[in-house]
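# Task: produce atomic coordinates for the following.
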Amino acid sequence: METIQKAIVFVDGNNLYHNLIKTIRNSIHPAIKIIKPKDFDLLKLSELVCQKFNCSRVKTIYYNSIPDIRDSKEVYYAHQKYLSLVASLTKFEVKVRKLQKKSNEEILADRLKLVEKSNFCQNCRPEAVKLLTQSIKYFEPKEKGIDVMIAVDMLNNILKGNCECCILISGDADFIPIFDLIKENGKKAFSAAFREGYSFEMRARHKPYLIIDETIIEKCLKDKN
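Purely as a prediction, here's the structure:
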């Protein structure tokens, strides 16, 4: 039997939240239909994922971005309350970054790319550009730095010997390079994610992996524990 290895679980909170919402929305399971993300037990999920990969959990690091209080005090304080709850879980650590803003130049560049990809005729194209340019009156929030923070922490912990393998709860293809690097150094890295948003390339290149399906979700409902 394979030796149980020490693992640190790295949770991309934004990725987890958005794909859990999609999974709930598309699920036909009666229990899954009525839950909310706050009812999802991250401690239970961490333990189940470690069991699946025959690992012993050292700790879980949960990463998330913080919304701007100026946008909504209600959202800001609700988010802080949730992060405090996560931080209170057994062997959990929370790391955050402020939600950054896109500059007007970035917004304009994104919209011009959209126009280029669209099938506007030569007469309509200038009008489309004009309308999109005139409508830029605000800054759009965007996550910045979370992926880099997770990647650095994964490599740092594995190279320092704080764990023998990394378990990432995210299916984002952006993490493929750090998985490559960890394995090139003779260490282990696994990923677990909802089917929604789980990169095919990540699953193809780095096996084994775990799909967080409805059975696992049901086990992680707080009223089931």
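# Low-confidence stretches in this protein?
1-2, 99-108, 110-111, 114-115, 117-120, 124-125, 127-144, 223-225 (pLDDT under 70).
# Regarding it, what is its longest strand?
What stands out as the longest strand in the chain, according to DSSP state E, is strand 55-66.
# That one: which residues count as buried?
Neighbour counts over strand 55-66 (16 or more other C-beta atoms under 10 Å) mark 55, 57-65 as buried. Just so you know, the C-beta spots here come from the backbone N, C-alpha and C atoms, and that holds for glycine as well.
# With stretch 79-87 instead?
By 16+ other C-beta under 10 Å, the buried positions in stretch 79-87 come out as 79, 82-83, 86.
# Report the two of the residues you listed separated the most.
In these, two members sit farther apart than any others by C-beta to C-beta. They are H79 and V86, at 10.7 Å.
# rewinding a little: TSV for the buried residues of strand 55-66, including distance to P208?
Converted to TSV, the buried residues of strand 55-66 look like this (distance: C-beta to C-beta, whole Å):
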residue	distance to P208
C55	12
R57	17
V58	20
K59	22
T60	20
I61	22
Y62	23
Y63	23
N64	27
S65	29
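# rewinding a little: and for the next helix or strand after the longest strand of the chain, what's in contact with it?
Once strand 55-66 ends, the next helix or strand along the chain (criterion: DSSP states H and E) is helix 73-87. Under the contact criterion C-beta atoms under 8 Å, 6 or more residues apart in numbering, helix 73-87 has outside partners 38, 42, 62, 64, 66-69, 92-94, 96.
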